[in-house]
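**Student:** My questions are about this predicted structure, shown below with the sequence.
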Amino acid sequence: MEAPWIAELRALLGPRGIIDDPTQLFPYEADGIVLLRRRPELVLLPRTTEQVSRALKILHRERVPVVARGAGTGLSGGATPVEGGVVVSLARMRDVLELDAVDRTARVQAGLVNIDLSLASSKHQLFYAPDPSSQQACTLGGNIAENSGGPHCFRYGNTTQHVLGLVIVLEDGTVLDLSEPRVDPLGYDLVGLFVGSEGMFGIATELVLKLLPKPATTETMLAIFESLDAACDATSDLIRARHEPSAIEILDKLTIQAVEASVYAAGYPKTAEAVLLLDIEGSEVEVANTVAGIEPLVRARGAIEVRTAKTDLERKQLWAGRKGAFGAMGRIAPDLYVADVCVPRTKLRELVAHTTRIAREKNLKLATVFHAGDGNLHPNIAYDRRDADEVRRVLEAGDEIMHLCIEAGGSLSGEHGVGLEKMKAMEWLFTREDLATMCRVREAWDPDRRMNPGKLIPIRACLEMKQAVVRPGSNESTGDAEDAGNAENVRSITNAGSER
Amino acid sequence: MRLADPKTLVEYTATLDCIHCGLCLRTCPTFQLTGNEASSPRGRIYLMRGVAEGEIAGDDATYHDELEFCLGCRNCESVCPAGVRFGEMMEVARDRAADSVKRPWLEALARWIGFELVLPNRTLMRWSMDLLGFAQRSGLLRRVAPLFGARKDALLAFPKVPSKAERELLPIRTPARGEEHGEVTVLEGCVMPEMFGRVNRATVETLSAIGFATRTCGSHACCGALHAHNGELDGARALAKNTIVAFEGLTSSDGVPLPVIVNSAGCGAHMKEYPRLLAAEPEWRARAQAFSQRVFDFSEFVAAHAPADWRPRVDPGTFGRVTYDDPCHLCHGQQIRKQPRELLKRVQGLEQVELPHSEQCCGSAGIYSMLRPSDSNAVFEPKLADLAETRADTLVTANPGCHMQWDMGLDRAVLDVRVVHIAEVLAEASRPR
């Protein structure tokens, strides 16, 4: 006999709006980081803000933990379910509600795929700037949760700079409408606070986003290097010389080889040790000057060849290759650990040397891509999750890399968020007071700590510690015993049902 | 009996190629329809791996339903950076699944009749179509349709079986019009001569117009594509061998095997993949390889071999404004996208517009539209809106399944848009006037 509240959800969302079949739930156990897996009890697929609100009211009443999920492409475990919890998937909320070409804003549902917004606005010669490499798949709601970046965020800034308003459903089902775009937010900037909150402050259902006019001219340059260090140095040089491309990316040899073997083959030379990929945008004169300025600089650093894309198609291919890099690594091993660390640009070269050494010491296959302009480094480690020892070495390597970044004055995450994966590292970067303040902010939004519990803030360092109990059967794969976001006032579904 | 090892139920090693990046999600028609991860390529691979690793039982009903829900459009393959061969994995999983569950006896019987008797045999196919045609004309179909339950509407909507004259087979040899540049063979097909005899004739006519004589392959009918797509791999292998043998005999006067021209995208994609279908049989490997290299889609061949100055012409009123809808097994299965568009551009007097989302499946998917009519219709629905946006008078396709799906869908929507195969446009345009 189905619990009455599940029946209530079913009536609310319809037969295809709720998933409780164990086989259908199975693929929901992980998002983009398959190393972290937990089986949810239910998945909900609402279509409207109203449905999200009514569903969250029911879940609030039943005190069931909730994890929001977009496309499940996140790489830090932000959408990894909570055992005994419900996943609210925004995958069926993907309408463009309004697109104002004059005001240059779009109101969209949170499950809209990033690239679909740029496609919808392209007929007005507009685009949405943040362009994560997974933009073919990831949702705008997920981008908000993680404050995602992307190659062109070097020029345009991360997601938070492009969010004008939000409609948020709070943990108790209250709809908070912060969607009327205001030029200058008065009072506390709740929208700003919400962006990057990793699903812990509520569920954004409608987003008002900024659109930008497409640049008059875009030139894509590819510089080919015989050493990765030289490509790093060239990056610092061209920024020092005040040449401002809108995107500065570096791909190393193994990445190039994987991409070139895939449907996204872009014509990167397979023998190159590294390529530097640049987009230069602006007026025709501006672009021509910048290109002319950059070329001798990169050549001075040893670029053996510098190409510019001749056609729009070629330009697209050069970028599609970069954006397919993560998936292309599937050719090298079944799983990929994507580290996401930031250092000051001038330290890039130093960090690359360290990651290469760590990978060698631990006998791991490393392929690196960087958003070099942002000093955001993705050391990608290919592995097989069936090999427990390899998994251990991968995680150790990830930790060592994070430590080195912090030492170099950098950060734990450029754009993927903390989620489960980097939770314990938060203590390495932040003080107890920092974390306690974060906890207090979180409690203001979600006093029961029921939204995406057990993520981002390590429990030991936080006030939550006082009340926390370790959930039975809490995640074993990460081995974090203190992962106990499911505090005592949150019951698992099974209990909630039987106690009624 | 199959061994208990669940790793044999799917292509386990192939499931490991998927790195879980999710780039396939947005392209998948069933994911678009449901938003359900289990109904996406990434999710289905996850399920397959789950079966292999013992997390899901091999005879799990939901798993089987997810396999059958997939249209096999292979759109995911066009975007997969890891090069996962999803179509092939699905064929294997469906084939093994068929061993682990028992289908209801009526369904099993219908499948046996269809796959084993009718498709491979031109005479039985002809009789079946005669019977269907009679049932359609006499009103008998309307009476018996309710017996088919949920498939009743799909059965009633099935396009009218054409007249006997239209169902004439092709001549054994058709000479080139004017100077002969070469000789080719055409796959006449199983359903094609019955439902689309005019397309076969247009295929031959176009080839003849660009200087190629064509030959047919006697009584050979079926390449086995529908078998493979629906998890009948034993039948598919037998038909593949049959096809290879039949076409091996067709050579030029100096003994060179002739190119095989295929005007059905699903068949062409499948025949090009014979080598991996027969990979486990060493004595067939080389023959399959040699054969598959002779296979060309109609557009692929014509675009490559038409004289550079070939500029056929139509009266502007003949087709009006045309738009081309990519058959999945042409664009995703064979990576053929440019050639049909280039050919249409060559035709003078034709106004061509691009169809939005032309690479999205129309829901036909071989016999899917008969097996799961309501899902098939739901997948088709957005295509209508895309078509309306183009304000086209004629929709051009290159595959019989898509052709029928559009015919039925436009009929339901009461829209006056004509559906033609690209060969029909080119034949009309190259007709001497």
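**Tutor:** Structure received.
**Student:** so residue A:243 sits in a strand?
**Tutor:** No. Residue A:243 sits outside any strand when classified using DSSP: H, G, I helix; E, B strand; the rest coil, being coil.
**Student:** Tell me the spacing between residue B:244 and residue B:55.
**Tutor:** Note on residue B:244: its distance to residue B:55, by Cβ to Cβ, to the nearest Å, is 39 Å. For the C-beta atoms, the positions are set from N, CA and C on the backbone; glycine is no exception.
**Student:** ok and the residue in the stretch 251-400 of chain B nearest chain A?
**Tutor:** residue B:335 (8.8 Å; Cβ to the nearest Cβ).
**Student:** coming back round to it: okay, residue B:244 and residue B:55: which has more neighbours?
**Tutor:** Per other Cβ atoms under 10 Å in any protein chain shown, whichever of residue B:244 and residue B:55 has more neighbours is residue B:244, with 20 against 17.
**Student:** so where is chain A shaky, pLDDT-wise?
**Tutor:** A:181-185, A:460-500 (pLDDT under 70).
**Student:** Try it again at 80.
**Tutor:** Applying pLDDT under 80 to chain A flags residues A:1, A:181-186, A:459-500.
**Student:** what about residue B:184, which helix or strand?
**Tutor:** strand B:182-186 (DSSP states H and E).
**Student:** let me redo that: residue B:323
**Tutor:** Using DSSP H and E, the element containing residue B:323 is strand B:321-324.
**Student:** Identify the residues contacting that strand?
**Tutor:** B:340-341, B:344, B:350-355, B:358, B:387, B:390-397, B:422, B:425 (Cβ atoms under 8 Å, 6 or more residues apart in numbering or on different chains).
**Student:** So whatever helix or strand comes next after it, near chain A or not?
**Tutor:** The helix or strand immediately downstream of strand B:321-324 is helix B:328-331, counting by DSSP H and E. No. Residues of helix B:328-331 are not located near chain A by Cβ under 8 Å from any Cβ of the partner chain, the shortest gap being 12.4 Å.
**Student:** Closest residue of the stretch 51-200 of chain A to chain B?
**Tutor:** Closest point on the stretch 51-200 of chain A to chain B, by Cβ to the nearest Cβ, is residue A:91, at 3.3 Å.
**Student:** Who's the closest spatial neighbour of the residue of the stretch 251-400 of chain B closest to chain A, skipping the chain neighbours?
**Tutor:** residue B:78 (7.6 Å; Cβ to Cβ, 6 or more residues apart in numbering or on different chains).
**Student:** ok, the one you found - how many residues close by?
**Tutor:** Using other Cβ under 10 Å, residue B:78 is surrounded by 17 other residues.
**Student:** Can you list the buried residues in stretch A:258-269?
**Tutor:** Neighbour-count burial for stretch A:258-269 flags A:258-264, A:266, A:268 (criterion: 16 or more other Cβ atoms under 10 Å in any protein chain shown).
**Student:** end to end, how far does that stretch reach?
**Tutor:** Terminal residues of stretch A:258-269 lie 12 Å apart, using Cα to Cα, to the nearest Å.
**Student:** and the residue lying closest to residue A:110 once chain neighbours are set aside, which of the three is it?
**Tutor:** With Cβ to Cβ, 6+ apart as the criterion, residue A:110 has its nearest non-adjacent residue at 2.9 Å, and that residue is residue A:141. State at residue A:141, reduced to three classes by three-state DSSP: helix.
**Student:** my guess is residue A:141 meets residue A:108, correct?
**Tutor:** No. With the criterion set as Cβ atoms under 8 Å, residue A:141 and residue A:108 do not qualify as a contacting pair; they are 9.0 Å apart.
**Student:** gap between stretch B:366-382 and the chain center?
**Tutor:** Centre-to-centre, stretch B:366-382 and its host chain are 14 Å apart (Cα atoms, centre = their mean, to the nearest Å).
**Student:** Show residues contacting it.
**Tutor:** Under Cβ under 8 Å, 6+ apart, the answer for stretch B:366-382 is B:29-30, B:33, B:68-69, B:71-72, B:114, B:150-151, B:153-155, B:225-226, B:229-230, B:266, B:357, B:360-365, B:401, B:404-405, B:408-409.
**Student:** Filter those residues down to the buried ones, PyMOL style.
**Tutor:** Selection of the buried residues among the contacts of stretch B:366-382 in PyMOL, burial being defined by 16+ other Cβ under 10 Å:
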select buried, chain B and resi 29+30+33+68+69+71+72+114+151+154+155+225+226+229+230+266+360+361+362+363+364+365+401+404+405+408+409
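**Student:** Identify those among the contacts of stretch B:366-382 that sit within helices.
**Tutor:** Residues from the contacts of stretch B:366-382 lying in helices, with DSSP state H as the criterion: B:29-30, B:33, B:68-69, B:153-155, B:225-226, B:229, B:266, B:401, B:404-405, B:408-409.
**Student:** Isn't residue B:261 up against residue B:206?
**Tutor:** No. With contact defined as Cβ under 8 Å, residue B:261 does not count as touching residue B:206 (9.8 Å).
**Student:** Mutual contacts of those two, please.
**Tutor:** Common contacts of residue B:261 and residue B:206 (Cβ under 8 Å, 6+ apart): residue B:298.
**Student:** neighbour-wise, which of those two wins?
**Tutor:** Between residue B:261 and residue B:206, residue B:206 has the larger neighbour count (other Cβ under 10 Å), namely 30 against 25.
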